[in-house]
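[1] Below: sequence and its predicted model.
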Amino acid sequence: MDQSVLGLYYEDFVVGAEIKHALSKTIFESDNNFFSLLTMNHHPVHTNADYAARNQHGKILVVGTLVFSLAVGMTVPDISGKAIANLGYEDIRHLAPMFIGDTLYVKTKILDKRESKSKPDRGIVYVETIGYNQNGVDVISFRRNVLVKKRDI
């Protein structure tokens, strides 16, 4: 039996390739409530069913930063498992709402990569991640630069 592998080395990333991540998550009311409390986001559209029913979507809206955090986390086994650091996130877009009971899936496209100019044991991988729900509707997208280890050199 082979040991599972966490993440890819710099050399393993292929520009233009797309990874459909194996992890997925159905968002439960408890997830949304706990995240709202933990992050001090007490907006009633996320925590008050009566308030949410009288607003745009008619039901509780999952906190957008929870969706973002889950999407990032689901990429770890493939994208950042061997990362030294996430250097930056950009162009984070909430494309559609997520609601209690929706399931989040994630895919990542490798946009570019380059070797580090200062350290030969690492490189920077530039990726775009898209999260989508159980109906195939894109709900979030973002890009990031990840500093990743090279194989032993």
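    Perfect, I can see it now. In this text the structure is predicted, and so the values were computed from the model without any measurement. Numbers count the residues shown, from 1 in each chain.
[2] can you give me the end-to-end distance of stretch 41-58?
    Taking Cα to Cα, to the nearest Å, stretch 41-58 runs 19 Å from one end to the other.
[3] List of residues touching that stretch?
    Residues from elsewhere that reach stretch 41-58 (Cβ atoms under 8 Å, 6 or more residues apart in numbering): 32, 33, 35, 36, 59, 60, 61, 62, 63, 65, 97, 99. Heads up, the C-betas are built off the backbone N, CA and C, glycines and all.
[4] switch the cut-off to 10 Å
    29, 32-33, 35-37, 59-66, 97, 99-100 (Cβ atoms under 10 Å, 6 or more residues apart in numbering).
[5] For the chain, just list every one of the strands.
    In the chain, the strands defined using DSSP state E lie at 18-20, 25-26, 83-94, 103-115, 122-132, 138-149.
[6] Any buried residues in stretch 39-57, and which?
    Going by neighbour count (16 or more other Cβ atoms under 10 Å), the buried part of stretch 39-57 is 41, 45, 46, 47, 52.
[7] Which of those residues fall within helices?
    Under the assignment DSSP state H, the buried residues of stretch 39-57 contribute 45, 46, 47, 52 to helices.
[8] For the last one, which non-adjacent residue is closest in space?
    To tie it back to what came earlier, the one meant is residue 52. residue 60 (4.6 Å; Cβ to Cβ, 6 or more residues apart in numbering).
[9] Equivalent analysis for residue 78, please.
    Excluding the flanking residues, the one nearest residue 78 by Cβ to Cβ, 6+ apart is residue 19, at 5.1 Å.
[10] From residue 42, how far off is the one you found?
    For residue 19, the distance to residue 42 equals 36 Å [Cβ to Cβ, to the nearest Å].
[11] How far off centre is stretch 35-55?
    22 Å (Cα atoms, centre = their mean, to the nearest Å).
[12] how long is that stretch end to end?
    21 Å.
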